[in-house]
Each structure stands twice: as C-alpha cells, then as structure tokens.
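[1] below is the sequence, then the predicted model.
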Amino acid sequence: MASHEHEHNSGGACCSAGHDHHHDGDGDNMDFMHDPTLASCCERDQQQYEKAMELKRVLTAHDPTSGGVRIRQQLFQPTAEDLAPKTAAPVVVVPKPPQPATDDDDDSDFDDSDLELDDMDTVFVARRQELEAQVKAALQNAADGYGIVLEAEGPQLLQELAQTPKVPRVVLVTSTAWDESKVQDMVREMGTVAKKFLGTKFYVMALRSGGASGEEVARELGLKSVPCLVALRNGEKVDSTALDEKCMVEAATRWEARLIPWLNMCNVLATTRQEKRGLSVNGQKKQMAREDDREEPPTYDCGVENCRIRYGFQHEHVGPSQESKSEISSWRTAA
C-alpha cells in the first residue's frame, strides 16, 4: 500500500504542476531536495559565505590599494552626457567667423621668439667658449708634454728625471726586435690613458741592445727584462712589469684589466699637474704666513692697578676701590 500511494502521489504532483511528459530520474532529485542533512549544509555554507563577504568588505574598505582604485574610478567615471544614448541626427557645425589678429598678439609672439633666440644664442656662446677653453688647455698640456705619449731616448729621459723628479712618469720600454704594428697598438692605448691622467707624463722608449747607452739606461732604471712598463716617481723607479707578446696583441684589454690597476698601486697616476699642486701648496703657505703676521687682538684690561689678573680673563672687582679706601681713611683722620 505504501508503494502504491507513493506512486500515486508522485503522479498527482506532476499532473497538478501541469506537466504532460514522463520524468526519467526526477524522483531522486526530489528526495535530495527534502533531505534535512543537505539543507543544513547549504545553510551553513550560506552563513560562511556571508561572513566571508563581510570580512572582504571590511578589508577592502581599509585597503589603500582598493581606495586608490575607487578614487580613480570616481575621477574617470564617464559623465551623464557620455552615458546618454547617442542620436543618429546629424550635427550641424557652425563655423566661427575668423577673428582679426590684434597687434598685441603679434607683439607677444614676436617677443617670445626673440627671447627664445636670445637664450639659444647665450647657450651657443657659452658652449663655444667652453670648447675653446678645452682646446686651449689641451694644446697647452700637449706643449708641456701632458696628455700625449712622448718619444724619448735613454739619455734624454735620464736628464728629465734629474731636472723634474717630482713629476710622475710611465715609460713603455720596447725592443727593436718587436713588431712595429704591435708597438703602435700599445702606444695608441697608452695615449688614451694619458688623456685621462693629465698629471702624469707617458713615454715610449726603444732600448737598443748591445750598446753602451742602452746598458747604462737599463742599469739606471733597474730594468730586468725588455719590453716592459716602468713606473717612476721622485726620479726613481717604483716598479716595473714585463710585457709579453700576448700583451702586445691584446693591448686594450691588458691596459684596462691589469696595467691601470697596477699603476694605481704604484701611485704614479695623477689627474692634475704637479706645478698646479705646487702653486696651491705655496698659496696655502703664504696664506698661513699672512695669518701669522697679523697683529694679535688686544687683551683684556680691567684697569685696576696691582691686580694679579689685570690682563687675564674678563672679571669684575667687588668692593670699594683704592680711591674710595683713601677717601675713607682721610675722612677718619680728619675727624
């Protein structure tokens, strides 16, 4: 009976809903819909979802990034005119009548262009003067032997060391047996370094083996092998490093990777000339001498005789002075 009633009720429910078709498996869905376990699970999920949305709202309200996004949306929100539906009616554009140009506008445009041209002329003049000063300084340095690579013989180099020992020097000593093209590559890179360090003189010297002058120069400079690079300071050799054939081939790489750091350790690379540094030192000495020659400021004088610290630090005398004491003494005597 129970089975018969269930089938009858199910059919009646379907008929009352106005359906004229056959259900395949719909009875299982109806059973799950009235399951109290599933209902409680869905309710719990709904509550957790509402709590999560509430937490998200609170976090979003206090999030600076979200606040910035909202502000940008408010700033760039389209206006009501943009959101209004566009009509297909043609828009008639009435051209504006041309306005005659006034004299004030012409004068203002003319004045602005004049100012711009004046500024450009000033910049060009300043740049030209700067370039002329740089060229003049480079020519003067080259005339004095700085910023270039000098070719020197052994006796000439020894003579310059004796005359101006304070100037730091770097000497590339080559041999006649080496290939001339390799030597030129090395000298070219040496010239690039010389332009950076204008306080050091750079030389290239070909040492001829078998001659008395060559042996004397090698002995004076303390050369152990040729070709080599010699660092000189205060008229004496600081150190020397041997150059092999591979070094001659990779001149640029060898200068940047090894020779320049080695010269820095030898303390022979200077960016300013020795004469200028000497002038600055002499100027400081003269300034100190002038400060010493200045008269000392007058010392403090309290004006009281027989005071032990009359010319010492600033102080005050408390009590009657000597004159007051003399007057009191004479008054007592007269009384």
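    Cool, got the structure. Residues are numbered from 1 along each chain as shown.
[2] output the below-cut-off pLDDT ranges for the stretch 51-200 of the chain.
    75-118 (pLDDT under 70).
[3] now for Asp45, how many residues are close by?
    10 (other Cβ atoms under 10 Å). Every residue, glycine included, has its C-beta placed from N, CA and C.
[4] oh, I was asking about Lys237
    17.
[5] where along the stretch 151-300 of the chain do the helices fall?
    154-163, 180-196, 212-221, 245-249, 251-254, 260-266, 274-293 (DSSP state H, counting those that start in this stretch).
[6] distance check, the nearest residue to Val217 once chain neighbours are set aside against Ala231.
    With sequence-adjacent residues excluded and distances taken as Cβ to Cβ, 6 or more residues apart in numbering, Val217 is closest to Gly154, at 3.3 Å. Distance, Gly154 to Ala231, using Cβ to Cβ, to the nearest Å: 17 Å.
[7] next: Phe124.
    Counting by Cβ to Cβ - Phe124 and Ala231 are separated by 44 Å.
[8] if I look at the residue nearest to Val217, how far off is Val173?
    9 Å.
[9] find residues that contact each of these two.
    Met205, Leu207 (Cβ atoms under 8 Å, 6 or more residues apart in numbering).
[10] Phe124 and Ala231: which has the busier surroundings?
    Using other Cβ under 10 Å as the criterion, Phe124 and Ala231 rank with Ala231 on top: 22 against 10.
[11] how about the nearest residue to that one, chain neighbours excluded?
    Cys266 (3.9 Å).
[12] need the pLDDT of the one you found.
    Here the pLDDT value assigned to Cys266 is 90.
[13] please name the residues that touch it.
    Cys266 makes contact with Ala231, Arg233, Val238, Asp239, according to Cβ under 8 Å, 6+ apart.
[14] Arg208 too?
    Arg208 touches Thr176, Gly214, counting by Cβ under 8 Å, 6+ apart.
[15] can you pull the pLDDT of it?
    At Arg208, pLDDT is 72.
[16] so how far is Arg254 from it?
    For Arg208 relative to Arg254 (Cβ to Cβ), the value is 25 Å.
[17] count of neighbours near Ala138?
    Residues near Ala138, counting by other Cβ under 10 Å: 15.
[18] surely it and Gly147 touch.
    Yes. Between Ala138 and Gly147 a contact is recorded at 6.4 Å, counting by Cβ atoms under 8 Å.
[19] thinking again about what came up before, pick out the most distant pair among the contacts of Cys266.
    Within the contacts of Cys266, two members stand farthest from each other by Cβ to Cβ: Arg233 and Asp239, at 9.9 Å.
[20] who has more neighbours, those two?
    Arg233 (19 against 15).
[21] identify the residues contacting that one.
    By Cβ under 8 Å, 6+ apart, the contact set of Arg233 is Pro168, Arg169, Cys266, Asn267, Val268.
[22] contact partners for the fourth one?
    In other words, Asn267. Pro168, Arg233, Val238.
[23] quick one: it from Val170, how far?
    12 Å.
[24] switch the contacts of Arg233 over to a markdown table; also include distance to Gln159.
    Below are these laid out as a markdown table (distance: Cβ to Cβ, whole Å):
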| residue | distance to Gln159 |
| --- | --- |
| Pro168 | 17 |
| Arg169 | 13 |
| Cys266 | 22 |
| Asn267 | 24 |
| Val268 | 19 |
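[25] looking at these, which is nearest Ser324?
    Taking Cβ to Cβ as the measure, Ser324 lies nearest Asn267 of the contacts of Arg233, at 73.4 Å.
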